[in-house]
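Engineer: sequence first, then the predicted structure, then my questions.
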Amino acid sequence: MRKLNPEKIKEIIRSNIKGIDAIEVIPVVSLKAAARKVFQSINKGYIPESYNWDRKKTEHAYSYKNYKSWAKSIIVAAKYYYTDEEYPKEKQTGRIARFTWRNNYRYLSFKLEEAVKAISKIYRVPVKSEVLSNYTSIPEKLLFSYSGIAEFGKNCVLINRQMGSFFIIGEALTDLVFDFDEAGVLTPPDFSICGECDRCLTSCPTGAIPRSGEIDINRCFQYISENLILMPPEYREKWGSRLYGCSICIEVCPYNNNLEPWAEKHSIGYVGQGMDLISVLKIPVKDWTRTFSHNQIGIHDRMALIKNVITSLGYLKFKKSLDSLYPYLYHENEVIRAYTAWAIGNINTKTGKKRLSSRYKEETSKTVREEIITFL
């Protein structure tokens, strides 16, 4: 097959596939130099041990894993997700980060699969491909930066001058051969799009952005919301009413002010802007999958979300939640018991303290006992 024209392929995709808001075709550019940045983050302890991410895995991912033997080009695409929907105002409602209101990753993956099929049909050739979006070890953001669709912000989030940071990305690695002018060189981000602005650094509640282009994942509320881990009490005091995710560093960015809310309100994986916190505690295990299975929330540990709910109720000092919290003092998981003890203690009622005192006498976990004793 002759070498294809990248502009022609983009025209085909735009003409045949609706729902992709930005598209570019790039070569399989070398990422070896970019891997050094990851090595630095590993050495600084910015990547949690739970990731099980080491130098070997980085080298594997940044050499395109098992796709290297056949991938010749990459179609990168973006889906804008900013709508006129608003966060819930009810105090007892747990907020879900905007990018998670619906599953735009799955939406975009479907569109990229359609795009590859359209190309195959028009050129009458089989196309080998692999569509990826979200939670992939392939460094998607670097590919987007190379494509010119977006630039790195100081918070390591991509910025597009028309869509701000309210878009998600995906890519299709293909065996299509294109007539690229030249392979080009992947240059490190210079954050020039941000200028002197550092709102994302100063607004992060836990200081998870120590400097431009660096994220201490251990301190990031997004990471904490996804995992069943015990965060320091000082973080809980800044937690707010989160159910899942954090996007403060995105929301304070000037590029995300005054955007037009023209994104499609599709129904794939839709969970909404938030949920009543007590109601989430009462969702039966058998119904949990049905509630979240089509959304990215569903890939995470159910108890990590329960932990978020318990923390939010404690932060809000929501007394009406106590009857729903008490059973979790006896949960099999000590992390859940620890958060529950903190929440009940923070709500600060006489009945709550009596419950904590009673539990303290029976509790065998040092971690939980330390949580309880601070309120007795």
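Structural biologist: Cool, got the structure. Numbering: from 1, shown residues only.
Engineer: phi and psi next, for Tyr80.
Structural biologist: phi -70, psi 140 (degrees, to the nearest 10).
Engineer: so it sits right up against Lys265, yeah?
Structural biologist: No: using Cβ atoms under 8 Å, Tyr80 makes no contact with Lys265, being 11.8 Å away. C-beta here means a position set from N, CA and C on the backbone, and glycine is covered the same way.
Engineer: so between these two, which is more surrounded?
Structural biologist: More crowded of Tyr80 and Lys265, by other Cβ atoms under 10 Å: Tyr80, with 23 against 12.
Engineer: okay, and the beta partners of that one?
Structural biologist: Phe167 (DSSP bridges).
Engineer: got the contact list for it?
Structural biologist: Residues near Tyr80 by Cβ atoms under 8 Å, 6 or more residues apart in numbering: 21, 163, 166-167, 262-263.
Engineer: any idea how far Gly164 is from it?
Structural biologist: Tyr80 sits 9 Å away from Gly164, going by Cβ to Cβ, to the nearest Å.
Engineer: what's the answer for Ile372, then?
Structural biologist: As judged by Cβ to Cβ, Ile372 and Gly164 stand 44 Å apart.
Engineer: now swap in Ile74 and tell me
Structural biologist: Ile74 sits 24 Å away from Gly164, going by Cβ to Cβ.
Engineer: same check on Ala35?
Structural biologist: 28 Å.
Engineer: on that earlier part again, tell me which of Ile372 and Gly164 has more neighbours.
Structural biologist: Between Ile372 and Gly164, counted using other Cβ under 10 Å, Ile372 has the larger neighbour count: 26 against 23.
Engineer: and that one, what element?
Structural biologist: Following DSSP states H and E, one finds Ile372 within helix 366-373.
Engineer: distance between that helix and the chain's centre?
Structural biologist: Distance of helix 366-373 from its chain centroid, counting by Cα atoms, centre = their mean, to the nearest Å, is 31 Å.
Engineer: the stretch 201-350 of the chain: helices as residue ranges?
Structural biologist: Assigned by DSSP state H, counting those that start in this stretch, the helices in the stretch 201-350 of the chain fall at 221-226, 233-236, 248-251, 277-281, 285-292, 302-316, 322-325, 334-347, 350-362.
Engineer: and the ones you listed as CSV, adding distance to Arg102, mean pLDDT and mean neighbour count?
Structural biologist: Listed next are the helices of the stretch 201-350 of the chain as CSV, based on distance: least, Cβ to Cβ, whole Å; pLDDT from 0 to 100; neighbours: other Cβ atoms under 10 Å:
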stretch, distance to Arg102, mean pLDDT, mean neighbour count
helix 221-226, 17, 98, 22
helix 233-236, 28, 97, 14
helix 248-251, 17, 97, 21
helix 277-281, 18, 96, 19
helix 285-292, 12, 91, 12
helix 302-316, 17, 98, 23
helix 322-325, 28, 98, 17
helix 334-347, 28, 98, 24
helix 350-362, 37, 97, 14
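Engineer: got JSON lines for those helices, with distance to Asp190 too?
Structural biologist: Shown next, in JSON lines, are the helices of the stretch 201-350 of the chain (distance: least, Cβ to Cβ, whole Å):
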{"stretch": "helix 221-226", "distance to Asp190": "25"}
{"stretch": "helix 233-236", "distance to Asp190": "31"}
{"stretch": "helix 248-251", "distance to Asp190": "19"}
{"stretch": "helix 277-281", "distance to Asp190": "42"}
{"stretch": "helix 285-292", "distance to Asp190": "39"}
{"stretch": "helix 302-316", "distance to Asp190": "36"}
{"stretch": "helix 322-325", "distance to Asp190": "48"}
{"stretch": "helix 334-347", "distance to Asp190": "41"}
{"stretch": "helix 350-362", "distance to Asp190": "52"}
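Engineer: out of those, which is closest to Arg124?
Structural biologist: helix 285-292 (41.2 Å; Cβ to Cβ).
Engineer: alpha carbons of the closest one, as PDB, please.
Structural biologist: Extracted C-alpha coordinates of helix 285-292, given in PDB (Å, rounded to 0.1, in the frame of the first residue of the first chain):
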ATOM      1  CA  VAL A 285     -23.100  -4.800  47.000                       C
ATOM      2  CA  LYS A 286     -25.100  -6.600  44.300                       C
ATOM      3  CA  ASP A 287     -26.300  -3.200  42.900                       C
ATOM      4  CA  TRP A 288     -22.900  -1.500  43.000                       C
ATOM      5  CA  THR A 289     -21.800  -2.900  39.600                       C
ATOM      6  CA  ARG A 290     -25.100  -1.900  38.000                       C
ATOM      7  CA  THR A 291     -24.700   1.600  39.300                       C
ATOM      8  CA  PHE A 292     -21.100   2.200  38.300                       C
END
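Engineer: contacts for that helix, please.
Structural biologist: So helix 285-292 is contacted by 271, 283, 298, 302 (Cβ under 8 Å, 6+ apart).
Engineer: contacting residues for the last one?
Structural biologist: Spelled out, that is Arg302. Arg302 neighbours (Cβ under 8 Å, 6+ apart): 285, 288.
Engineer: if we go to 6 Å?
Structural biologist: Trp288 (Cβ atoms under 6 Å, 6 or more residues apart in numbering).
Engineer: ok, the nearest residue to Leu356 once chain neighbours are set aside - contacts?
Structural biologist: For Leu356, ignoring the flanking residues on the chain, the nearest one in space by Cβ to Cβ, 6 or more residues apart in numbering is Ile372 at 5.0 Å. By Cβ under 6 Å, 6+ apart, the residues touching Ile372 are 341, 356, 360.
Engineer: and Ile372, how far is that from Arg355?
Structural biologist: 10 Å.
Engineer: returning to what we had before: return the alpha-carbon coordinates of the helix holding Ile372 using PDB.
Structural biologist: This file holds the C-alpha atoms of helix 366-373, laid out as PDB (Å, rounded to 0.1, in the frame of the first residue of the first chain):
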ATOM      1  CA  LYS A 366      -3.300  -0.100  66.600                       C
ATOM      2  CA  THR A 367      -4.200   2.200  63.600                       C
ATOM      3  CA  VAL A 368      -7.900   2.300  64.600                       C
ATOM      4  CA  ARG A 369      -7.200   2.700  68.300                       C
ATOM      5  CA  GLU A 370      -5.000   5.700  67.500                       C
ATOM      6  CA  GLU A 371      -7.800   7.300  65.500                       C
ATOM      7  CA  ILE A 372     -10.300   6.700  68.400                       C
ATOM      8  CA  ILE A 373      -8.200   7.900  71.200                       C
END
